[in-house]
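In: I'll drop the sequence and a predicted model, then ask my questions.
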Amino acid sequence: MTEALDRLQRRLGHVFADPALLAQALTHRSHGQSNNERLEFLGDSVLDCAMSIMLFGRFASMREGDLSRVRALLVCQDALAGVAADLDLGPCLRMGEGELRSGGFRRPSILADAVEAIIAAVYLDAGFAAAHALVERLYESRLAQVNPAAPGKDPKTALQEWLQGHRVALPVYTMVRVRGEAHAQEFEVACEVPKFAVRTVGRGSSRRAAEQQSAELALARLKEG
């Protein structure tokens, strides 16, 4: 586990002065009383504050309501689980045998909570500036994808508006398959725009997340012409 934690710290870009904070951030409540629930509570607020500062500085012309919508999309469970996947966080988590056997290390809610706990751990270890810098590193690629011309619009809404603007019928979403057990399912959903012979398939930890991804892929293909 020591090697895994060293690799994780390199990916985070932060070496802990107090390694016990990182260990606690990676400990699920099923493992024992010294777990990451309190850190998750703190990390949620630190993340919101850091993200607010970043969005405020990057998008000077964006209105308050749009800033709030963009922030909500960036700090939601699906987004945090994506950050956890980038960090390969699952194998680093400590959890009870039952949770481990049931695939808890792949569960989006557990992964999202662990990311928030890590942010809190960095804050306690080195202060807000270090936590803010961590959030910037974790979200660099996602922030680059924010479109100021369509702030806070999820892919399904953006696709719908594009089709309406071209006087085309709304897309059809169809469940393709569901993989995995009930506690750790992966959904595949197809998005079809018959008029342009476009069909894409998205995947996610929920049907909504899979629909959003398939809509994003469809819109990108339509814009390519």
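Out: Everything's here; your move.

In: so what pLDDT did residue 149 get?
Out: Turning to residue 149, the model gives it a pLDDT of 73.

In: let me fix that, I meant to ask about residue 79.
Out: 87.

In: report the secondary structure state of it.
Out: helix (DSSP: H, G, I helix; E, B strand; the rest coil).

In: please name the residues that touch it.
Out: 73, 142 (C-beta atoms under 8 Å, 6 or more residues apart in numbering). Quick note: C-beta positions are derived from backbone N, CA and C, even for glycine.

In: so how far is residue 29 from it?
Out: Per C-beta to C-beta, to the nearest Å, residue 79 is found 23 Å from residue 29.

In: lowest average confidence, helix or strand, in this protein?
Out: Between all helices and strands in the chain, the lowest mean by mean pLDDT, DSSP states H and E belongs to helix 97-101, at a mean of 82.

In: for that one, list every residue counted as buried.
Out: For helix 97-101, the neighbour count (16 or more other C-beta atoms under 10 Å) marks residue 99 as buried.

In: next: stretch 50-68.
Out: Using 16+ other C-beta under 10 Å as the test for burial, stretch 50-68 gives 50-51, 54-55, 59, 62, 66-67.

In: next, give phi and psi for the residue of the chain positioned farthest from its centre.
Out: Most distant from the centre of the chain: residue 167, at 33.0 Å, with distances by C-alpha atoms, centre = their mean. In terms of degrees, to the nearest 10, the main-chain angles of residue 167 are phi 60, psi 50.

In: report pLDDT for it.
Out: With respect to pLDDT, residue 167 has a value of 94.

In: which residues does it contact?
Out: With contacts defined as C-beta under 8 Å, 6+ apart, residue 167 has no neighbours.

In: the most centrally placed residue in the chain and residue 50, how far apart?
Out: The centroid of the chain falls nearest to residue 79 when counting by C-alpha atoms, centre = their mean (1.4 Å). Noted for residue 79: a distance of 14 Å to residue 50, by C-beta to C-beta.
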